[in-house]
Structures are given as structure tokens and as C-alpha cells.
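Undergrad: Take this sequence and fold it.
(chains A, B, C and D)
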Protein chains: 2
Amino acid sequence: MSEKTINNVSVDCVIFGFSNNSLNVLLTERKLEDEKTGEMIVNDFTLQGHHVLEGEDLDDAAKRILKEKTGLEDIFLKQFYVFGSAGRILNPKDQLWTKVRYPNIASQVFSIGYYSLVDSSKVNPDRNHRYTKWFPIKDLPELGYDHLEIISKALDSLRKKILIDPIAFELLSERFTLGQLQTLFETILDVKLDKRNFSKRVSQMKYIIPLNEKRRIAKIKPARLYIFSREVYDKTRKEKINFSF
Amino acid sequence: MSEKTINNVSVDCVIFGFSNNSLNVLLTERKLEDEKTGEMIVNDFTLQGHHVLEGEDLDDAAKRILKEKTGLEDIFLKQFYVFGSAGRILNPKDQLWTKVRYPNIASQVFSIGYYSLVDSSKVNPDRNHRYTKWFPIKDLPELGYDHLEIISKALDSLRKKILIDPIAFELLSERFTLGQLQTLFETILDVKLDKRNFSKRVSQMKYIIPLNEKRRIAKIKPARLYIFSREVYDKTRKEKINFSF
DNA sequence: CCAAAAGTGTTACGGCTACACCCATGC
DNA sequence: GCATGGGTGTAGCCGTAACACTTTTGG
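TA: Predicted structure coming up:
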């Protein structure tokens, strides 16, 4: 690390991707062997995170981490919670890992949780020469620190937000089919939707624009492609007041 | 301060109250005179905030501040954002105040923003012997630091949440009238609602329970009182999936 | 010809909105 | 008796949900 870091504030990123009808999270392997016995003491996965640099904005720290780990820029990022319980790091495994890898760290660390939505076809998770891999949200490996809790809170936050704001598209390629969009909602919200009603709903949204192009893939009827237009969205957006408390 | 504080992490509370058909925020006066000339150098208002203590959970820090400033416990608190831009404190006035009052503070401070909803009839804002006062959200005084931005973000967050979660009641007395509840929504959301439709809506919500008691006040017809039951709410709650992205 | 997903309309019901008049009280 | 907010019913409309068959493609 060439720049000075703030030793008690870190940013952790829950990077969501969508593929094979599954919502996935990008995780990095954590491995530590006992020097003498060669025994594996720590062997699990963690989120991507890093301490904030001096003089750095939080959002910038999150962007930096994302750039490093996925190579991507200008992607959707949302700060969703701060994890700062005094007793977060009680597990001996985590304490050991921290002592070895981050000897200068403060005893009480505040982790600012961000989640991001990426088009996972654009991500090259191996760029950092570390073992970084997508895991389905329904089938996570063993996780270090309190990262399971962080992922769980991120998911809650995403589920709420995807109903209210036009962020689903961030998980798809620029051009997508209705089927992909529908499956995305079904997967994230864990519901079944009616194809005809879904299509009607979408066609009311002027900011989801049908193209005169079709996706052709194996064995099935070519499907029309759509794009999301943020310009149209911003222009036509009106708040509707809908109590459901 | 008897306990050791963490000098770069603070919690700031936006305390919302509702009275006289106005949404209000509790603010504390900040005053500093030039020792020689007697000239008033700093004279404005700030939110209630304090640095986090070593070993203290963030939520506990927020509770502590709330208890100190209002005397209240067990009240609604929501962490809504972290303010950590490197260049937050550029105003000379704020720098001066910080140097005089908090000489040991770090140069870059992360403020965890919480907002709370209180029954303002229960608050005694003068208990701390400082000049603390309610201000209508529509008529705020001059504010120190970036507290205007913090209040503004808190309000956005409240407006979203009040539509989704049963938190409006936190701003009213335990027993309230339909009129009070309706005015609360109208004020916070800045809309006009139909009295009859509102009343029908409320009567569908089984967790808003009519009492056989009436509020009697000057000159008007006595109004039926209601209470909110969290038990009933938790039992009958079901998520409804309502795209409006 | 088969498998797999794409594409497309109608109907019935329920929920939401719009709307106006009388009531109880304190002064 | 008047000013103030409390309390109540209906009708039309619109949006939502339920529902099934045909099309296109690749193998």
C-alpha cells in the first residue's frame, strides 16, 4: 500500500451478478497455513474490502475496490449499512487472519457496506491473481468475519430497492430480452410471475425500449431485445404515493 | 468525557418531532465569541451528535445521544447514511469551532447519520442546560457543518420509509385520532388526502385499533382514539410485490 | 417431429378515487 | 348560532390477475 490508510474504517463490497438463473456474489478465497505443521488454519471466503485511504471519499473507496477486483468502472453502487459492533470479530480464525495480514489495524473497525450490481459477463474475476469466484446466493461457502450477515443485509436492501427503482437492468447486458428481465425478478424476489402480465407491465414503461433486433440462440425462437433508457426514465418519472405500511 | 472516544467516528442524530401540523427537528445552538473583541464568531445550530466511545456499538451510541438530549429511551432509530467526504469541513467557522471544542479530533471524521422519531410532547429539550429547540423543517435556521445536507437526506429516507413501514405512529402519542394521523402523512409527504378514503384505508389495517375513548378538546366534536398494535402488525404482515420501478 | 422458449387478448373482479352533507362541541 | 374539525356511503373506473394456445427455431 503506497498511500496511507485509515486504520479503523473500511469499505466492504457485496458484488452481485446474475447468470444461469441465479443471483451470485463475488467472493475471494482466504487461506492461511500454519508455518510449521503446514496445517490449513484459515480456508474460507470473504467479500472484497479495503481500508479507506486518507483524504478519500467513501464512494471513491468503493469505486476503487470495484475497479481493482472486477476491472469495471461506472457501475451501480449503493451504500446500505455500517457494521460497527464492538464484538464483531470474535472468531479466533478472523483474529489470527487480521493479525497476520493487517497488523496495524485498529481493534474496532467500522465497515461501510456497499453493494454493487454488475453485468457478470463483463467481469474477469481472476485479474488480481487471487482466487476470486462467483457463488450463488443460495449456496454460499464458509465465510470469514461477519460477511454472511453483510451479504444478508445487502440482499434485503436490494430486494426492497429493486421494486422501487430501475436498477434491475444493471445486472443484465445493455440489451436484454423480456424473458431475462422476468427471470431476474423471479429469482431475486423468489416469486413466479405471469409472462403476459409482465409483458404488459413492461410495455407501459416507456423507458424500456424495444429494439428491432433479436437475440438468436440455440434451438429457440429469436427473442426481441430491449434497452433501458435512463434519459426517458428521468423525464417521465413521477412519484406515486402508495401507502402499504 | 470520562470514557475514551474514537476520534474519527461520530454519530449524528436527526430527531424528528411532529406538532402544530409541522414536522420539526431538534437543534442545539452553537455559540462562540472572540475572547478579545467579544464579537460573535460562531452563532448557529447543529444536530445532536457525539463521537463513538471505544467498545461501543453504533446503535448504542445513537441511543446514548438520544437519551442525553431528550431523556427518552426505547424510541425509533434508523441508521440512514454515512457522511465521510474528505472535504466536508471546509467552512472556517466549522474549523474554528472544531479546534476550540474538540481539539483532539481527527482531520477526517466519518459521521454515521441516524434519524429518530419521537413523540415531541414527551421531550424536554432543555434538560441539558443548553439552548436546544424545535425548528420546523420548512423554516430551519443557519446550520453548522454539513448538517443541512444530513437533515435533507434523513428526510428523503423518512419519506420513503413512512410509505412502506408502520413508523408514522412513532411521531404521535400512543393514542391518536384519525385526523392526527392523516395530517401527519399530509405534512410529511406534502400531499392532500381524502378524509373518507383515508379512513377506509385505515379500517382495513387491523393493527390500527379503534378504542372506545374519545379525545375531547376545545370547541370541536370529540374524536375517536386509535392505537397501533405491533403485535397484530407482526402477525398479519405479508409482503406484497408491487413493481413501481 | 420434438423440445424449448417467445409471443400474444380477453374477461372478471376488486380496489381506488371522487365526491357532499350532517354532527357534536365550546364559545 | 357559528366556527371547527369529526364522521360517514356510493358509484364509476381503472388496473390487476387469471388464464392457453400458436409460433419459431435447431437438432
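
Undergrad: these two touch, right, residue A:131 and residue A:27?
TA: No - if you go by C-beta atoms under 8 Å, residue A:131 and residue A:27 don't touch, sitting 9.3 Å apart. From N, CA and C alone the C-beta is placed, and that goes for glycine too.

Undergrad: These two: which has the busier surroundings?
TA: residue A:27 (25 against 13; other C-beta atoms under 10 Å in any protein chain shown).

Undergrad: Quick check: closest non-adjacent residue to residue A:70.
TA: Ranked by C-beta to C-beta, 6 or more residues apart in numbering or on different chains and with sequence neighbours excluded, the top spatial neighbour of residue A:70 is residue A:123, at 4.6 Å.

Undergrad: Averaged pLDDT, the longest strand belonging to chain A. What do you get?
TA: In chain A, assigned by DSSP state E, the strand with the most residues is strand A:5-19. Mean pLDDT, computed over strand A:5-19, is 97.

Undergrad: contacting residues for residue A:124?
TA: A:70, A:71 (C-beta atoms under 8 Å, 6 or more residues apart in numbering or on different chains).

Undergrad: Centroid-wise, who is the farthest residue in chain A?
TA: In terms of distance from the mean C-alpha position of chain A, residue A:36 ranks first, at 37.6 Å (C-alpha atoms, centre = their mean).

Undergrad: element containing it, please.
TA: Residue A:36 is part of no helix or strand when elements are defined by DSSP states H and E.

Undergrad: packing partners for the longest helix seen in chain A?
TA: Longest helix in chain A, counting residues (DSSP state H): helix A:147-164. Secondary-structure packing of helix A:147-164 (3 or more C-beta pairs under 8 Å, 6 or more residues apart in numbering or on different chains; DSSP states H and E): strand A:5-19, strand A:76-83, strand A:110-117, helix A:178-189.

Undergrad: Would the third one count as contacting chain B?
TA: Looking back up the chat, that one is strand A:110-117. Yes - using C-beta under 8 Å from any C-beta of the partner chain, strand A:110-117 reaches chain B at A:110, A:112.

Undergrad: what angle sits between the next helix or strand after that strand and strand A:5-19?
TA: The first helix or strand that comes after strand A:110-117 along the chain, using DSSP H and E, is strand A:132-136. Put simply, strand A:132-136 runs at 50 degrees to strand A:5-19, going by axes from the mean of the first three to the mean of the last three C-alpha atoms, to 10 degrees.

Undergrad: now for strand A:132-136, which elements pack on it?
TA: strand A:22-33.

Undergrad: Please, which helix or strand holds the nearest residue to residue A:73 once chain neighbours are set aside?
TA: Nearest residue to residue A:73, sequence neighbours excluded (C-beta to C-beta, 6+ apart): residue A:67, at 5.8 Å. For residue A:67, the host element (DSSP H and E) is helix A:58-70.

Undergrad: Please give me every residue in contact with the residue of chain A found nearest DNA strand C.
TA: Ranking the residues of chain A by distance to DNA strand C (C-beta to the nearest atom of the strand) places residue A:179 first, at 2.7 Å. Listed by C-beta under 8 Å, 6+ apart, the contact set of residue A:179 reads residue A:223.

Undergrad: quick one: low-confidence parts of chain A?
TA: For chain A, the stretches with pLDDT under 70 are A:1-2, A:125-129.

Undergrad: make it 90
TA: For chain A, the stretches with pLDDT under 90 are A:1-3, A:20, A:35, A:85-89, A:123-131, A:217-219, A:236-245.
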